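Enquirer: sequence and predicted structure, then a few things I'm wondering about:
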Amino acid sequence: MDKALLVLVSLMLFLKLGFAQYENSAEARIDSTIQWMEDHLLEDSIRITLHKTALELAGILQKSGQKDRLARVHQFLANWHDYYNEFSLDSALYHQQKALEFYQSAGDKKMQAEAHISLSGIYINQSNFKLAEEQIFNAIDVFQSLDDQNGQGVAYRKIGQIYMITEEPEQALQYDQIALELLKATHDHYNICLTLMNMTISYNQLKEYEKALVVAGECIQILQDENMDEFGIEARIYAFRGDSYRDLEQYDAAEADYTKAWEIVRSVVGDERAIDWELDIANVLVLKGNYEAALPRLLRAVEALEENENPQSWIPFQMLINCYKGLGDYKNALHYAEKYTASRDSMYTRKIESIEAEGMIKYETGKKDEALASQAVLIQQKNKTQTLIIIIASILFLFLMSLLYFFNKNKKKTRIIHAKNAENELLLKEIHHRVKNNLEMVKSLIALQSTQIEDPVTKDAMIASQNRVQSMGIIHQKLYQGQNLGSIEMKDYFMNLGEGILDTFNAEEKVEIECAMDNLDLDVDTAVPIGLIVNELLTNALKYAFPEDKQGMINISLEKMDDNYLKLKVEDNGIGKKHGIAPEGTGFGSQLVSLLTKQLNGKMTERVDGGTRIEFDFLLDTAA
């Protein structure tokens, strides 16, 4: 390891002193360094060195502008913070977001999708399940654009995992079924097993134990048929299937599965780390009434937990009480009942003992020489105070219990309402997601049809139709990706719309589109017609305003004049319209703009002077 660190330090000096002269060699060394860091992430003895090296390398790469390698370094730093739990999850989140940013800049869509998945994992650890779900849907969009079925399968499995964690098993199973179909198509046995394991947990949550047994058995069969060396999955699936057998009161089968899981964990991590798994065996033995076999396992678990001062040591005490009762050993049952109470209330007891000890010290040092009469008065006063405290405490207790009852009642209703709202929001997002995909399909069909058309006028009409479909598709994409399902942020929408149209006309190097406006949210009914109007005006400008590779700029602005009026401006510095010459094209775009303007109860003014400037005034409160 010392040799590897020495090589690493040499590399850093090489990068600082000779990067420009030996660029190819430096890039090879950078790749080797990043690979070395990734290979040694889990080695705790050098974790500080790994962190410092990664930060140093990130600074060098930032200066050289190598975005793909910089993304890998930030990905490593995110994994480092997540694994070692250093500083906070915020550090992992920061580096993961930077990794995503650089993967996007480098155009690496595959890693961009993987970064979205990693971001979702950090949000899950922060219990921010809504943001986690949004990141996974972003990953699904990228995987769909790459036609990556396996990536989509993993992403849908992650969504199912979120709903499993939040104990919403019906939704979890819906997404797990989608994931399973995609993963089986790509023969990804590892993720198939993880999906089947999650489905086992969800069926157990629903108390559909027979279905849980079926999917657990399928998972175990795959592990055996494919000879997979995945002890973590194997141990857990046996344990989860044991839970199903236990709840079905098939205790022999449960004991066999729990024993198999315990033996797997024990063989890999040792007896001490396998205590929790052994408790499952002891629990089912108690349920079977086989107290003699359960007793030594429970005593070993208690000893290990107490040695480690584990706050959960009271859990096996419950089983020990039942075990000794079953053996007729009431003395030990009482003993462990006392330990159970003491363990659960240990924190409270320690506080009481601390107060009593402090009071005794004060009494011995401060009250030792007081007269017996003074002591009697103080004791009498103390008794009165204690009686008053007991009365007040009883009243407060009754009052708090009443508050707790009404609080729990309202909390249950609130939880039901939140669950319904979350379900409706998910369904609405899914609808927008499907509408966007359907519009993309329509656009692709139009594009496919247009390749078979030779007539330039008809072909231009087909391209215009593609852009109109795209303008509506972007709106639905923004709706399911945004925080507010009822409104669109127009500045970002205009920029996305403009980029798409520039790409259609291959005019990115020729024309620049600028949005000089503040952020403005509009409802869907207003945003759709305005988007179609801007789409027509941009298309018209790119077709006629900049002939013969003329460079130019198009400015778009939309502002709210007051609560009732919107003003839209679209202007270019092109050649403008020539008087006395009939307009080119079919005129359908102009008719569409006029119709949409009337729909929004607006009026349009046009000025042609060194370019074309078109303004619209819309009356919001009477929009159709």
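Expert: On my side now, so go ahead.
Enquirer: those helices in the stretch 51-200 of the chain, which residues are they?
Expert: Using DSSP state H, counting those that start in this stretch, the helices of the stretch 51-200 of the chain run over 67-84, 89-106, 109-125, 129-145, 149-165, 169-185, 189-205.
Enquirer: identify whichever of those helices lies nearest to Gly602.
Expert: helix 129-145 (33.8 Å; CB to CB). C-betas here are computed from N, CA, C, even on glycine.
Enquirer: list the buried ones in the closest one?
Expert: 129, 131-144 (16 or more other CB atoms under 10 Å).
Enquirer: among the residues you listed, which one sits closest to Asp609?
Expert: Asp141 (43.2 Å).
Enquirer: so how far is Asp148 from the closest one?
Expert: According to CB to CB, to the nearest Å, Asp141 stands 11 Å off from Asp148.
Enquirer: and for His40?
Expert: In terms of CB to CB, His40 sits 29 Å off from Asp148.
Enquirer: sorry, back to before: in TSV: the helices of the stretch 51-200 of the chain, plus distance to Leu50 and mean pLDDT.
Expert: Below are the helices of the stretch 51-200 of the chain laid out as TSV (distance: least, CB to CB, whole Å; pLDDT from 0 to 100):
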stretch	distance to Leu50	mean pLDDT
helix 67-84	6	86
helix 89-106	13	86
helix 109-125	18	89
helix 129-145	26	92
helix 149-165	27	93
helix 169-185	33	94
helix 189-205	27	94
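Enquirer: quick one: the ones you listed as CSV, columns for distance to Glu306 too.
Expert: Supplementary listing: those in CSV, determined by distance: least, CB to CB, whole Å:
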stretch, distance to Glu306
helix 67-84, 28
helix 89-106, 32
helix 109-125, 30
helix 129-145, 36
helix 149-165, 30
helix 169-185, 36
helix 189-205, 30
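Enquirer: skipping adjacent residues, who's closest to Ile162 in space?
Expert: Phe129 (5.3 Å; CB to CB, 6 or more residues apart in numbering).
Enquirer: what's the answer for Lys211, then?
Expert: Tyr203 (4.6 Å).
Enquirer: list the contacts for the one you found?
Expert: Each residue near Tyr203 by CB atoms under 8 Å, 6 or more residues apart in numbering is listed here: Pro169, Leu173, Tyr209, Lys211, Ala212, Val215, Ser244.
Enquirer: would you map the strands across this protein?
Expert: 487-489, 511-515, 521-523, 552-560, 565-572, 602-608, 612-619 (DSSP state E).
Enquirer: mean pLDDT for these - can I get that in a markdown table?
Expert: Formatted as a markdown table, the strands of the chain follow (pLDDT from 0 to 100):
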| stretch | mean pLDDT |
| --- | --- |
| strand 487-489 | 84 |
| strand 511-515 | 90 |
| strand 521-523 | 85 |
| strand 552-560 | 91 |
| strand 565-572 | 90 |
| strand 602-608 | 88 |
| strand 612-619 | 90 |
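Enquirer: turn the ones you listed into CSV, including mean neighbour count.
Expert: Formatted as CSV, the strands of the chain follow (neighbours: other CB atoms under 10 Å):
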stretch, mean neighbour count
strand 487-489, 19
strand 511-515, 18
strand 521-523, 16
strand 552-560, 18
strand 565-572, 19
strand 602-608, 13
strand 612-619, 19
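Enquirer: I'd like the ones you listed written out as JSON lines, with distance to Ala293 added.
Expert: As requested, those are exported to JSON lines (distance: least, CB to CB, whole Å):
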{"stretch": "strand 487-489", "distance to Ala293": "64"}
{"stretch": "strand 511-515", "distance to Ala293": "74"}
{"stretch": "strand 521-523", "distance to Ala293": "66"}
{"stretch": "strand 552-560", "distance to Ala293": "76"}
{"stretch": "strand 565-572", "distance to Ala293": "78"}
{"stretch": "strand 602-608", "distance to Ala293": "83"}
{"stretch": "strand 612-619", "distance to Ala293": "80"}
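Enquirer: nearest to Thr341, out of these?
Expert: strand 487-489 (56.2 Å).
Enquirer: number of nearby residues for Glu292?
Expert: Neighbour count of Glu292, defined by other CB atoms under 10 Å: 11.
Enquirer: how far away is it from Leu285?
Expert: Going from Glu292 to Leu285 by CB to CB gives 9 Å.
Enquirer: and if you look at Gln35?
Expert: Gln35 is 49 Å from Leu285, by CB to CB.
Enquirer: so which of these two has more stuff around it?
Expert: Just comparing Gln35 and Leu285: by other CB under 10 Å the higher neighbour count belongs to Leu285, 23 against 11.
Enquirer: who's in contact with the more buried one?
Expert: Contacts of Leu285 (CB under 8 Å, 6+ apart): Glu255, Tyr291, Ala293, Ala294, Arg297.
Enquirer: any idea how far Leu100 is from Glu170?
Expert: Per CB to CB, Glu170 is found 31 Å from Leu100.
Enquirer: tell me which of these two has more neighbours.
Expert: Between Glu170 and Leu100, counted using other CB under 10 Å, the more crowded position is Leu100 (24 against 11).
Enquirer: so that one sits right up against Gln112, yeah?
Expert: Yes: Leu100 lies in contact with Gln112 (CB atoms under 8 Å); the separation is 6.5 Å.
Enquirer: before we move on, back to that, Glu272: which of the helices of the stretch 51-200 of the chain is closest?
Expert: Nearest to Glu272 among the helices of the stretch 51-200 of the chain is helix 67-84 (22.2 Å), distances taken as CB to CB.
Enquirer: what's the spacing between Ala239 and Leu295?
Expert: Going from Ala239 to Leu295 by CB to CB gives 22 Å.
Enquirer: hang on, Gly242 packs against Asp252?
Expert: No: taking contacts as CB under 8 Å, Gly242 lies outside contact range of Asp252: 11.0 Å.
Enquirer: compare the two and say which is more crowded by neighbours.
Expert: Neighbours were counted for Gly242 and for Asp252 using other CB under 10 Å; Gly242 has more, 28 against 9.
Enquirer: and the nearest residue to that one once chain neighbours are set aside, how many neighbours does it have?
Expert: Nearest non-adjacent residue to Gly242, counting by CB to CB, 6+ apart: Asp257, 3.6 Å away. Using other CB under 10 Å, the number of residues around Asp257 comes to 25.
Enquirer: pLDDT score for Asp257?
Expert: Looking at Asp257, its pLDDT stands at 93.
Enquirer: quick one: contacts for it?
Expert: Tyr238, Ala239, Arg241, Gly242, Tyr245.
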